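Asker: Give me a model of this one.
(chains A and B)
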Amino acid sequence: MAQLLIKAVDATNPDPDTDRRGCYKSGMIVEVREDTSPRGTLEKWPAFAWITVPGIPADTVRKYMQPELSALTGEVTRRRRWQIRWSELPVGVRNKFQATGQITIKAGGYLGAYDYTWAQVRGYFRDLQTGIDEANDL
Amino acid sequence: MATYTKTIDPNGGSNYASLNAWEAGEQSLYSSGDIAIADCKRTGATKDTTAVTVAGWTAGVIPKIIVNAAHRHEGKWADQRGDGNYVYTLATDIGTSTSGSLYINNVLNVSVDGLRIAPNYTAAVSDSAGIRVDVYSAGGNTDISNCVIRAFNAATAAHIQGIRFQSSVVARVWNNVIYDFYKSGSAYTKGLNCRTGTHYVYNNTIYNCNYGVFRESGTVIAKNNGVFSCATACFSGSMDAASDYNISSDATAPGTNKATGKTAYTDYFVDPANGDFHLKNTSLALFGLSGADLSGTFTTDAAGVTRTLPFDIGALQYVAAGGTTYDQSVLGSFPAPSGNISSIVAFSQSTTGDFPAPSGSIVKLIGKAVSGSSPAPSGVPSKLITVTRTGTMPAPSGSLQEAVTFRQAVTGIMGSISAVISTVLNPIIEASTNKIKIIGSAFRRIIGG
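Answerer: Coordinates of the predicted model:
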């Protein structure tokens, strides 16, 4: 029962190293919560977007909020290892975000209403460390 | 320069539902000199379970993580306060994260105040901490105050710390309670680890760790700290010569004025096994040592109690039974008396107990209530009386004045003519019969005739 809080705008810092290590970029998954968890009044479009994945435990998708770490030193090299390719999202998805601030993804055995299936959206989840898009099921 | 305060509550009804989301939402919104405050509340049982990293902030912006006074711990490990409010708690599963529960990554002037932190170690991770600070840039401080930090399942980890300064130019650490960062045989499990930079370590209580205060490098000025039951050493590494007034259960406390070999923990603390490190007496009575006067730096203890002189050692000032001296600036102002007698009596009791004499408006309010001699109303009361009389007076009617006037006029006239009425009765009748109009002048003529 997961919901993902997504940064929908870039945070920036004039120092390139600080910007890379510390700043959230649009499409980065800020947080994963159980879908029963409350949302803050500022956790909304246009600063943030939500992806809800009914029926999928939060722990299953928590990996998407891990930072990117240096294999050599273990230091944080990027705020998040995974990022949704925000600017490449289909127009329909972008319009849905703009209209409602969220989309619902069907995964697993979920039978309720949804906007897209996980198979449709997972390819937009990119592992920045490897450059490979997600291909696995939830 | 402006201050932007946002509320955080994992139970909803706030700007953000986690500190992590606050950080993500606020990190690049403001300008140098602005202050961004996270006002942390917890209005229900749900805790904040997401680890937080503070990084990438606009240079010069000052982030402050401050637990709201109504949801702040009371200096001991408890999920709820005495008033029933939940204590804001950052309770995170660490996993393999070296960042720990709260990670300050090269942001200057971050303040963390009043946070209860519970890192739960689920994997053999190293250098992960309740609070980890990596600050490489000069020009600011990192302040960590009044926090309670406890490790869970420390034996699962490799080596961990309550607070780890990986690198910090200037760090100020005071009034924190740190305990249970202990793993058997671990050389690097510590309550407080100081590495590079200058660290002012004042009035902390550290208990049941492998090391208590560990100077890895840099300058450490340790004053008024109480460090107990640490398996390897309570203080390790050369502390700065200014270090003084520390207590340890072993022989390692630094300074000229110190107390060592203090191991009767249950004699010193209310309930050390359950995280209550309130002193049972003054540190002078318990250890033969009071702390240095640091009132120029801070004036309260970890629970918000005003520190009176002499300072006690450790994070919590001793309070004699029957009274607690609260600092209004920390706990908020007294409620305004509403005129209810019982509430005024309650204030009167507090002034005769161990509270300090209430100052300012409170004293004035009590004075009025006790004496009962309110000053004579002026201005407004006199106006009120005038209004009342005017409102209750019956409105004089014109008919009464006319009646009096008429009666006088009739009496005078009737008196002068009554004696002759009978004599002119018949003429009157006759006149009436003859339909003579009787008026004043005609009447006189009849009488005269």
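Asker: Could you find the closest non-adjacent residue to the closest residue to chain B within chain A?
Answerer: Chain B sits closest to residue A:22 of chain A, with a gap of 2.4 Å, by Cβ to the nearest Cβ. In short, each C-beta sits where N, CA and C put it, glycine included. Take residue A:22 and drop its neighbours on the chain: the residue closest to it by Cβ to Cβ, 6 or more residues apart in numbering or on different chains is residue B:56, 2.4 Å away.
Asker: Please go through chain A and pick out the longest helix.
Answerer: Ranked by number of residues, the top helix in chain A under DSSP state H is helix A:91-100.
Asker: in that helix, what counts as buried?
Answerer: For helix A:91-100, a neighbour-count test (16 or more other Cβ atoms under 10 Å in any protein chain shown) marks A:93, A:96-97 as buried.
Asker: now the helices: where do they sit in the stretch 1-150 of chain B?
Answerer: B:19-26 (DSSP state H, counting those that start in this stretch).
Asker: I should have written chain A there, sorry.
Answerer: A:16-22, A:58-61, A:91-100, A:118-121.
Asker: and chain B, which of its residues are near chain A?
Answerer: Applying Cβ under 8 Å from any Cβ of the partner chain, we find that chain B lies next to chain A at B:6, B:8, B:10-18, B:20-21, B:24-25, B:27-28, B:46, B:50, B:53, B:55-59, B:97-99, B:105-107.
Asker: Buried by neighbour count, from those residues: which ones?
Answerer: Buried among those by 16+ other Cβ under 10 Å: B:6, B:8, B:10-11, B:14-18, B:20-21, B:24-25, B:27-28, B:46, B:50, B:53, B:55-58, B:97-99, B:105-107.
Asker: Residue of the stretch 101-250 of chain B nearest chain A, please.
Answerer: For the stretch 101-250 of chain B, Cβ to the nearest Cβ, closest residue to chain A: residue B:105, 6.3 Å.
Asker: now that residue: how far from residue B:4?
Answerer: Distance of residue B:105 to residue B:4, computed by Cβ to Cβ, to the nearest Å: 21 Å.
Asker: so what's residue B:297 up against?
Answerer: B:174, B:202 (Cβ atoms under 8 Å, 6 or more residues apart in numbering or on different chains).
Asker: Can you tell me the SS state at it?
Answerer: Using DSSP: H, G, I helix; E, B strand; the rest coil, the secondary structure recorded for residue B:297 is coil.
Asker: And the closest residue to residue B:309 other than its chain neighbours, how far from residue B:146?
Answerer: Spatial nearest neighbour of residue B:309, excluding adjacent residues (Cβ to Cβ, 6+ apart): residue B:293 at 5.9 Å. As judged by Cβ to Cβ, residue B:293 and residue B:146 stand 19 Å apart.
Asker: Repeat that for residue A:46.
Answerer: Applying Cβ to Cβ to residue A:46 and residue B:146 gives a distance of 37 Å.
Asker: between those two, who's got more neighbours?
Answerer: Remark: of residue A:46 and residue B:146, residue B:146 carries more neighbours, 26 against 10, as counted by other Cβ atoms under 10 Å in any protein chain shown.
Asker: Show me which residues of chain A sit near chain B.
Answerer: By the rule Cβ under 8 Å from any Cβ, the part of chain A lying against chain B is A:5, A:7, A:11-15, A:18-19, A:21-24, A:30-31, A:33, A:37-43, A:47-48, A:66-67, A:69, A:74, A:76, A:79.
Asker: Please indicate which of those residues are buried?
Answerer: A:5, A:7, A:11, A:13, A:18-19, A:21-24, A:30-31, A:33, A:37-40, A:42-43, A:47-48, A:67, A:69, A:76, A:79.
Asker: Could you pull up the residues touching the residue of chain B found nearest chain A?
Answerer: Nearest residue of chain B to chain A (Cβ to the nearest Cβ) works out as residue B:56 at 2.4 Å. Applying Cβ under 8 Å, 6+ apart to residue B:56 gives the contacts A:11, A:13, A:18-19, A:21-24, A:79, B:27-28, B:107.
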